[in-house]
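Visitor: would you be able to build a 3D model of this:
(2 chains)
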Amino acid sequence: MQKNSRYLVTAALPYANSFTHIGHIAGAYLPPDIYVRYRRLAGDEVIFICGSDEHGTAIEMASIQEGVPPQQIIDRYHFANKKGFDDLKIEFDIYSRTSNEEHHKTAKEFFLTLYEKGILTQKTDKQLFSEKENRFLADRFVTGTCPVCGYENARGDECENCGSNLSPLELINPKSKITGDTPVVKESTHFYFPLADFQQKLDEWINTKTDWKQNVLNYCKGWLKTGLKDRAITRDLDWGVKVPLKDNEGKVIYVWFEAPIGYITATKELFQNKGDAEGWKKYWFDENTKLIHFIGKDNIVFHALIFPAMLMGHGDYILPYNVPANEFLNIGGLKQSKSRGTGILVKDIVEKFSVDSIRYALAATLPENRDTDFTWEDLQARNNNELAAILGNFVNRTVVFAKNKFENKIPVRSSDSTESVELFNYVRNQTTLIAQNLDAFKFKDALSEAMNIARNANKYFNDTEPWKLIKSDKDKCAAVINDCLRLCFSLAVVFRPFLPDASDKILKILKSSIADLKWDDAANPKINDGEELGENIILFPIIEDEQISKNVKTDSNEAANTQSGGDDSGIGLITIDDFKKVVLKIAEVLECENVPNSKKLLKLRLKVGDKEKQIVSGISEHYRPEDLIGKSIVLVDNLKPSKLMGIESQGMLLAAKLGKELRIVTTDGAIDSGAEVN
RNA sequence: GCCGGGAUAGCUCAGCUGGUUAGAGCGUCGGAAUCAUAAUCCGUAGGUCGGGGGUUCAAGUCCCUCUCCCGGUACCA
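Guide: Down below sits the predicted model:
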């Protein structure tokens, strides 16, 4: 076990244009929080850094689309996400943001240092320029006709219709997405970071990292094999850190370059707040500091190659000691995706379940080696069958026993039985094993070994049968219960990094001091023989089935909501004008038949007032064609037509869905077709 | 298309450089116990390790091939 070292731990900076979901937590935030809590218990010097990443086109775009200043966008997500971390007891020493002044200063200094060292190169490219706005247009700010498939609303960076990657210059009839005017081609000069020059140094450096996780090394080697390309580090954009050189008006530092510098800024701020303005230097300049970046796999290339190259280029800073990246956490087999609206948001889950239940369920299924799957049923099972049944129950049965048979006092132990000695030898071994796993970033193994202590504790209780001893040998019984209470203490220590709330509660029941708690105390519990116990608390209430089925329902609703909207904001509120965009009408089903070879499609011929329409609907698993003929349904009349299995569908019908159940929406009593619904 | 990763008990996952009868947790089933949030403890069953072929004394682990999933990247003159 590494002792008394200095650690600089960072968690990926969440991008401030969406709410964090539990995949983010499992990937990049819970592991470092566990790690940091453990390191502190082990006596190491640690700081834990994070903050919002608040620049870039996506945020500027959102600001334009919503018609509000960028500041309003980033405030919304910064504070919401910060609160989400607080709610999950993920406790950074500082949660900063890249929009603040100190960061602009630090990022500019970093840029200038590279510039003055002659590392940066410049290249001139053709780009689209809006004369009306007097500015260059970023890729996403341009739409036009796709040169490949002819789709008219292709974005500047890709065509959503055919999937082609595009450059804005390739678009036919390009238009500014902001004003609609036609941009002209103009030359723009940008700064580049010569990543290719660092290829060899990075290769050699990565090769020394034999203890890194295999998945991380694989990604790196893949990139190195392909060959690193120079990357532009400036953009023509308003929202960001201005390029600190003359004749570069309208240019900002590219967000990928500037964001990781946020780790440095946040460290500076942390020490400024402490009144130790120079304190950050021993973290970023001292070779003995271990810099550890916790991230998701999408960030590996930035943290394991690009940022280190930047740091190498700059020269003053230490390089990462480790980058323990995780894979992704899926939900019920589906990807969590902002744009698709699938996923479980932190702000929602914390309203429904306790911090420890969430932390445990996530920690037990961390995507350490590959993508893993989270389900609500799993959360329930983990809580009820493991937390409550094994850990919670052991503490409870012990405390209740002491309360009933020993006047709610910690019984005094008169002698150590051999079983008792063996028991705490076992605890000592487990404590070491858990520490080894945590040192190696094997959080799942560590957690499972901690739970094994609780299993063994229950076994000890069962085997010694204190409920019999109390009648036959009260002294021995006292020793057993004393042991069990000491085990509660041990459990409070080893679970402390994972379940901070439960740990506090146990220590409170035992009236043990929290202040100077040490990891090694787990094997040498500090309880006060003879003293009265605190109030007993149920650590993990059972999660009932209804609490789970409710969630399955909201998930599918959320997923359905985003099919049409594409609104990433997650707010979910619309105005009456938004609603008026949708024309709903009553339609009568004239004909209905199965679509051959399809799994769930029905083709319906509808009468809508004096019109007739054909739609295709995916409900044949729930309705037979003959069931629908003659029924009145609610139709979305102004839906853009589309083809399903080659058949045109000119609208969609409304249906209510819950789990596997589905019912079409109809009217309360008869009304002629064509009637508007609102 | 190319590169990389995945596919292991009902479920969620472990299985470094190939080596005894393939593991854990949960769930199942049977038993014991009754201090405890009907919570515990013991035991049982469950897998031709995605399909096929090969190397080897020996392969989940190496090689080839196929199928399916997930990333990345290229092309669609």
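Visitor: so A:Y95 is in contact with A:Y29, correct?
Guide: No: if you go by Cβ atoms under 8 Å, A:Y95 and A:Y29 don't touch, sitting 10.7 Å apart. The C-beta positions use only the backbone N, C-alpha and C, and glycine is treated the same way.
Visitor: overlap in contacts, these two.
Guide: A:C50, A:F85 (Cβ atoms under 8 Å, 6 or more residues apart in numbering).
Visitor: okay, those two: which has more neighbours?
Guide: A count of neighbours by other Cβ atoms under 10 Å puts A:Y29 above the other of A:Y95 and A:Y29, at 26 against 21.
Visitor: helices along the stretch 201-350 of chain A, start to end?
Guide: A:214-226, A:255-258, A:261-273, A:281-284, A:300, A:307-314, A:346-352 (DSSP state H, counting those that start in this stretch).
Visitor: what pLDDT is listed against whatever residue of chain A ends up closest to RNA strand B?
Guide: Nearest to RNA strand B, among the residues of chain A, is A:G392, at 2.3 Å (Cβ to the nearest atom of the strand). Turning to A:G392, the model gives it a pLDDT of 96.
Visitor: neighbours around it, how many?
Guide: Using other Cβ under 10 Å, A:G392 has 24 neighbouring residues.
Visitor: do A:E204 as well
Guide: A:E204: 9 surrounding residues under other Cβ under 10 Å.
Visitor: who in the stretch 401-550 of chain A is up against RNA strand B?
Guide: A:401, A:404, A:444-445, A:448, A:455, A:458-459, A:461-463, A:465-468, A:538-542 (Cβ under 7 Å from any atom of the strand).
Visitor: 10 Å instead?
Guide: Neighbours of RNA strand B within the stretch 401-550 of chain A, by Cβ under 10 Å from any atom of the strand: A:401-405, A:442, A:444-445, A:448-449, A:451-452, A:454-463, A:465-468, A:470-471, A:481, A:484, A:502, A:505, A:536-543.
Visitor: buried ones among those?
Guide: Neighbour counting by 16 or more other Cβ atoms under 10 Å classes A:401-402, A:405, A:442, A:444-445, A:448-449, A:451-452, A:454, A:456-458, A:460-461, A:466, A:470, A:481, A:484, A:502, A:505, A:536, A:539-540, A:543 among these as buried.
Visitor: okay, and which of these map to helices?
Guide: Secondary structure from DSSP state H places A:401-402, A:405, A:444-445, A:448-449, A:451-452, A:454, A:456-458, A:460-461, A:466, A:470, A:481, A:484, A:502, A:505 of these in helices.
Visitor: count the residues that sit near the nearest residue to A:R140 once chain neighbours are set aside.
Guide: Spatial nearest neighbour of A:R140, chain neighbours left out: A:T57 (5.3 Å); criterion: Cβ to Cβ, 6 or more residues apart in numbering. By the criterion of other Cβ under 10 Å, A:T57 has 20 neighbours.
Visitor: what of A:Q200?
Guide: Using other Cβ under 10 Å, A:Q200 has 10 other residues around it.
Visitor: what's the angle from the host helix or strand of it to helix A:307-314?
Guide: For A:Q200, the host element (DSSP states H and E) is helix A:195-207. Interaxial angle, helix A:195-207 versus helix A:307-314 (axes from the mean of the first three to the mean of the last three Cα atoms, to 10 degrees): 110 degrees.
Visitor: and helix A:195-207, does that touch RNA strand B?
Guide: No: applying Cβ under 10 Å from any atom of the strand, one finds helix A:195-207 separated from RNA strand B by no less than 13.6 Å.
Visitor: for that helix, give me every contacting residue.
Guide: Against helix A:195-207 from outside (Cβ under 8 Å, 6+ apart): A:217, A:220-221, A:224, A:227-231, A:304-306, A:308-309, A:312-313, A:319.
Visitor: may I see the buried residues of that helix?
Guide: In terms of neighbour count (16+ other Cβ under 10 Å), helix A:195-207 has its buried residues at A:L195, A:D197, A:F198, A:Q199, A:L202, A:W205, A:I206.
Visitor: ok, stretch A:520-539 next?
Guide: Under the neighbour-count criterion of 16+ other Cβ under 10 Å, stretch A:520-539 has A:D520, A:D521, A:A522, A:A523, A:P525, A:I527, A:L533, A:G534, A:N536, A:L539 buried.
Visitor: what's the closest of those residues to A:P14?
Guide: Ranked by distance to A:P14 (Cβ to Cβ), these are led by A:L539 at 30.3 Å.
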